[in-house]
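[1] predicted model and sequence below, questions to follow.
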Amino acid sequence: MENSNEIKIRRVLEQIHDPEIPVLSITDMGIVREVKEEAGTWVISITPTYSGCPAMDMIAASIKMELSAQGYPGAEVRFVLSPAWTTDWMTEAGKEKLKAYGIAPPNPRQQVCRDELFAPDEAVQCPHCGSWHTARISEFGSTACKALYRCEDCKEPFDYFKCH
């Protein structure tokens, strides 16, 4: 059961934004795994969206700074790698924020193609005009967790937050 300090800390975490996608908080991303007190120290467990994600050190520093500023000095941030983060952990509100920002949110999990010779592109909706007539330009977009797409109708390029 959450106590009042844990609720306050979770509210602080809701205000910390991902440095690579500033429209999303770390709670929107679903990377906050656990908030608990251990021997008088608040421990925040987070999971990177990708192993080696360059934003994690900045996120950890932001958590410590914000909690200290709100009266919780000495907080510890732990990285939890297993189970691996999945886009299923993103909030629906976070997915809507991505779309409004111009990044196509991850689609619900699609069936994995078992034929290694045939791997069709995921159907991705354009966040600008809503068209499904899109094409992948590159497996990697502005960050490793996104792919670069182009809408064949409005001709706008856009990032797609890849499912994983």
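    Looks like it came in fine.
[2] contacts, neighbours, all on C-alpha from now
    Noted.
[3] show me the shaky parts of this structure.
    1-2, 109-122 (pLDDT under 70).
[4] the residue most central in space within the chain and residue 66: what is the separation?
    Geometric centre of the chain, nearest residue: residue 29, 3.3 Å, by C-alpha atoms, centre = their mean. Note on residue 29: its distance to residue 66, by C-alpha to C-alpha, to the nearest Å, is 18 Å.
[5] same question for residue 73.
    Distance from residue 73 to residue 66, by C-alpha to C-alpha: 9 Å.
[6] tell me which of these two has more neighbours.
    More neighbours surround residue 66 than the other of residue 73 and residue 66, with 18 against 14 (other C-alpha atoms under 10 Å).
[7] do I have it right that the more buried one meets residue 10?
    No: look at residue 66 against residue 10 with C-alpha atoms under 8 Å: they stay out of range, at 11.4 Å.
[8] how about residues contacting stretch 29-43?
    If you take C-alpha atoms under 8 Å, 6 or more residues apart in numbering as the criterion, stretch 29-43 is touched by 6, 9-10, 26, 44-49, 72, 74-78, 80, 85, 87, 89-91, 94.
[9] apologies, that question was intended for stretch 91-103.
    Stretch 91-103 is contacted by residues 23-25, 27-30, 104-106, 127-128, 158-161 when judged by C-alpha under 8 Å, 6+ apart.
[10] in that stretch, what's buried?
    For stretch 91-103, the neighbour count (16 or more other C-alpha atoms under 10 Å) marks 94-95, 97-99, 101, 103 as buried.
[11] from those residues, which land in helices?
    94-95, 97-99, 101 (DSSP state H).
[12] ok, so of the residues you listed, who is nearest residue 135?
    residue 99 (17.2 Å; C-alpha to C-alpha).
[13] gap between that closest one and residue 27?
    17 Å.
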